[in-house]
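Colleague: sequence and predicted structure below; questions after.
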Amino acid sequence: MSDIPDGLPEDFEVYPSSRAAAGDFMAALSSLRNTLKPGDVRKYTQSGETYDDVIIRLALNASNNQSVLFRKNNSAEETKIQAWLSLVSEKSKLSVLSKAIPRFQGLNMEQLRDIAFISLNPERTTSLIDHLAEAYGVLLIVEPGFKAMKMDGCTFKLSQGTPVVGIPIRYNRYDSFWFTLMHELAHISLHYQQLDQPILDDLDEKTEEEIEVEANLIAKDSLVSRENWRKIWNARTDKRQFLMYCERANVHPAIAAGMLRYQSGNYKLFTDLVQVINIREAFGFTDD
């Protein structure tokens, strides 16, 4: 296995810390090896690592980190999610070690709206990582998901209380990225005390679960007020009026178009608008 990265403290966990953790590690290792092939993990390989090194690293992180949900389920989908959460957890811990993160003080609706305003300038999107950390004590980890992984985002908190948002950029669209981000930030705002275990979100699933309904509502309200949304909704068949109301509402047209398509179930609406920004490319990732 590759050497421990420079700068990590000597007690940084690199082996199962108990008999129970050792059992979890072996179960995770078996599931990961059965599900992920060398081609699946190539883009997650660090310098000098082999396929086995990556699999062991993911299994160790999953079994040692209480913030990451390890569900003993042999399905390929669950294993992919576990592996991706391991990557997000690993990156979040390294972020905490490498820079000063202020203590999280909560997120209110006004702050969520301020964050959403950044979406008006697509060129500022990648600045979100530093902005959320420095201004609010929230870590944003943008980490490409495994192929066909059915998850849009997650949130959890580290042992010292720092909340983490993980986004795999499941769909390469500006509206999807921003709604997912605001949905996860809404969870942090509303459900911080429940984040000792991750909240995992597949936003394609229709759910009546209370915390998901609440997060959806706050995410939508942070991106566009209800009064303005009614005007945008009524203008959905008139592009000129739609763009006019988007401008007045201070919401990016790509985001409003995506919300319209989802709520109406009409995915032929404004196709040209939702495809204008390559969000994966903006974060330096490419489709395999």
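Modeller: Structure's in. What do you need?
Colleague: show the backbone phi and psi for the residue nearest the centre of the chain.
Modeller: The chain has Ile167 as the residue nearest its centroid, 2.0 Å off, counting by C-alpha atoms, centre = their mean. Phi and psi for Ile167, reported as degrees, to the nearest 10, are phi -130, psi 120.
Colleague: ok, now the one 5 residues further on?
Modeller: Listed backbone geometry of Asn172 is phi -80, psi 60, with angles given as degrees, to the nearest 10.
Colleague: and for Lys231?
Modeller: Torsion angles, degrees, to the nearest 10, at Lys231: phi -70, psi -40.
Colleague: start at 47, not 1
Modeller: Understood, numbering begins at 47; the last thing we discussed is Lys277.
Colleague: is it in contact with Cys292, as I believe?
Modeller: No. At 9.5 Å, Lys277 and Cys292 do not qualify as touching, with contact defined as C-beta atoms under 8 Å. To be clear about C-beta, it is placed using only N, CA and C from the backbone, and glycine gets the same treatment.
Colleague: I'd like the next helix or strand past the lowest-mean-pLDDT helix or strand in the chain.
Modeller: Least confident helix or strand of the chain, by mean pLDDT, DSSP states H and E, is helix 65-81 with a mean of 80. Once helix 65-81 ends, the next helix or strand along the chain (criterion: DSSP states H and E) is helix 84-87.
Colleague: that older thread, next up, the contacts around the residue nearest to the centre of the chain.
Modeller: By C-beta atoms under 8 Å, 6 or more residues apart in numbering, the residues touching Ile213 are Leu186, Ile187, Val188, Glu189, Asp198, Gly199, Phe223, Thr226, Leu227, Glu230.
Colleague: separation between the last one and Cys200?
Modeller: Here the distance between Glu230 and Cys200 works out to 7 Å (C-beta to C-beta, to the nearest Å).
Colleague: what touches both of these two?
Modeller: Residues within reach of Glu230 and of Cys200 at once, by C-beta under 8 Å, 6+ apart, are Val211, Gly212, Ile245, Asp247.
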